[in-house]
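> Structure for the following, please:
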Amino acid sequence: MQLYVETAREFVKTHAIGITVAVVTGASLLALRRWMAGEVCRSKARLDGKTVLITGANTGIGKETALDLARRGARVILACRDLTKAHMAADDIRQQSGNDNVVVKKLDLASLQSVRDLAREVMLTENRLDILINNAGVMMCPKWKTDDNFEMQFGVNHLGHFLLTNILIDMLKRSAPSRVVIVSSLEHEKGRIHFEDINLELDYQPNVSYRQSKLANVLFSRELANRMKGTGVNMYCLNPGVARTELGRHLSPTSVWKNLLLLPYLMTIKTPQEGAQTSIYCAVDESLANESGLYYSDCAPKTPAPAALDDIVAKKLWSLSSSMVDLV
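Residues are numbered from 1 along each chain as shown. All right, here's what the predicted structure looks like:
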């Protein structure tokens, strides 16, 4: 036994610097992990008798949001493009929440016809709509086009949700007090609306497109809040933070070594459950009942980029978007 103790002491003495570095690094990563996790929605609000529609709810932040709201007793509609994954997610949510009132409906935000079909079905089959969560999105994809020939990121992240929300707005008014929650991104701070080339035909860059679409989310929320004053329909836009979801599928490195190098970073970023907290907060927290048109991060109000506060640009974007989706 004495031999083992002496050997351990010698090892520590010989590798003191390495051990110190390892301990400090581990402690730093743990502290960073706790900071990255962000705040938690602490509201205990129940949603019994209320109906929620969440786009892109078959995976990631959307699924975790759906699970939380199902646990609160809501009727939850998962509006998704991939019905196979959506039905699997719905089964999982029912099992975990104990709430069987979870349904799946088809929605492809890259098709305006699909958006109209879903909205029509919801209006025909649902008695009310209390919360609409525009969660689905695409990030940093190649130069793809939607079915209606729009640039994919702007088309899916903004135009599809713009049309869906506008078609369902009367239903939300009838169900008031109701809420529209729009998931944006911190990347909106680096964005601008390219009115002169909205589909970025002249110079497509995935990051430029993504930032434009996320800025459009914040501007849309702001303008919609102005238009809905006095109706009982409130708008909330948010940054979920960086989370490990399928949204980053186009960013994944193909090299094994690059993946290994990214591993420490991936271990510190938010889980989907942590990333969903601000969406949940905006959807249910009672303290927000009299607020509308604000931007949130980590379950608290935050001032967005100056470009997102420009009401003239917001109105111009609304007019352009209405024209692009043939909103009447």
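> Please name the residues that touch Ile235.
One thing to correct before we go on: residue 235 is Met, not Ile. 179-180, 182, 221-222, 224-225, 228, 292-293 (CB atoms under 8 Å, 6 or more residues apart in numbering). Where you see a C-beta, it was placed from the backbone N, CA and C, and this is true even at glycine.
> May I have the predicted confidence score for the closest residue in space to it that isn't next to it in sequence?
Nearest non-adjacent residue to Met235, counting by CB to CB, 6 or more residues apart in numbering: Ala225, 4.2 Å away. Listed pLDDT for Ala225 reads 98.
> Just give me the neighbour total for Ala225.
Neighbours of Ala225 under the rule other CB atoms under 10 Å: 20.
> so who does it touch?
234-235, 292-293.
> That one and Tyr295, how far apart?
Separation of Ala225 from Tyr295 (CB to CB, to the nearest Å) stands at 11 Å.
> Please, which helix or strand holds Ile54?
For Ile54, the host element (DSSP states H and E) is strand 51-55.
> name the helices or strands packed onto that strand?
Contacts defined by 3 or more CB pairs under 8 Å, 6 or more residues apart in numbering; DSSP states H and E place strand 51-55 against helix 60-71, strand 75-80, strand 131-134, helix 161-174.
> Which strand or helix spans Glu121?
helix 112-125.
> Need the three-state assignment for Cys282.
helix (DSSP: H, G, I helix; E, B strand; the rest coil).
> Pretty sure Tyr210 sits against Met139.
Yes. When contacts are counted by CB atoms under 8 Å, Tyr210 is listed as touching Met139 (5.4 Å).
> what residues are shared contacts of those two?
Joint contacts of Tyr210 and Met139 (CB under 8 Å, 6+ apart) are Gln153.
> circling back: output the contacts of Ala225 as JSON lines; include the columns distance to Leu168 and pLDDT.
As requested, the contacts of Ala225 are exported to JSON lines (distance: CB to CB, whole Å; pLDDT from 0 to 100):
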{"residue": "Asn234", "distance to Leu168": "15", "pLDDT": "98"}
{"residue": "Met235", "distance to Leu168": "13", "pLDDT": "98"}
{"residue": "Ser292", "distance to Leu168": "17", "pLDDT": "98"}
{"residue": "Gly293", "distance to Leu168": "18", "pLDDT": "98"}
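> Could you export those as a markdown table, including distance to Gly191 and secondary structure?
Conversion of the contacts of Ala225 to a markdown table gives the following (distance: CB to CB, whole Å; DSSP: H, G, I helix; E, B strand; the rest coil):
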| residue | distance to Gly191 | secondary structure |
| --- | --- | --- |
| Asn234 | 24 | strand |
| Met235 | 19 | strand |
| Ser292 | 22 | coil |
| Gly293 | 18 | coil |
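> Out of those residues, which is nearest to Asn149?
Met235 (28.6 Å; CB to CB).
> quick one: that closest one from Leu224, how far?
5 Å.
> which residues are common contacts for these two?
180, 293.
> Give me the domain ranges for the chain.
By the record's domain assignment, the chain is partitioned as 2-32, 38-324 (automatic domain parsing).
> any idea where the strands of the protein begin and end?
Listed in chain order, the strands of the chain (DSSP state E) span 51-55, 75-80, 102-106, 131-134, 178-183, 233-239, 294-297.
> For the fourth one, give the mean pLDDT please.
For strand 131-134, the mean per-residue pLDDT is 99.
> likewise the second one?
Model confidence over strand 75-80, given as mean pLDDT, is 98.
> Report the distance from it to the chain centre.
Remark: strand 75-80 is offset 15 Å from the chain centroid, using CA atoms, centre = their mean, to the nearest Å.
> and it, what does it pack onto?
Using 3+ CB pairs under 8 Å, 6+ apart: strand 75-80 touches strand 51-55, helix 60-71, helix 83-97, strand 102-106.
> want to try CSV for the ones you listed, with mean pLDDT as columns?
Formatted as CSV, the helices and strands packed on strand 75-80 follow (pLDDT from 0 to 100):
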stretch, mean pLDDT
strand 51-55, 98
helix 60-71, 98
helix 83-97, 98
strand 102-106, 98
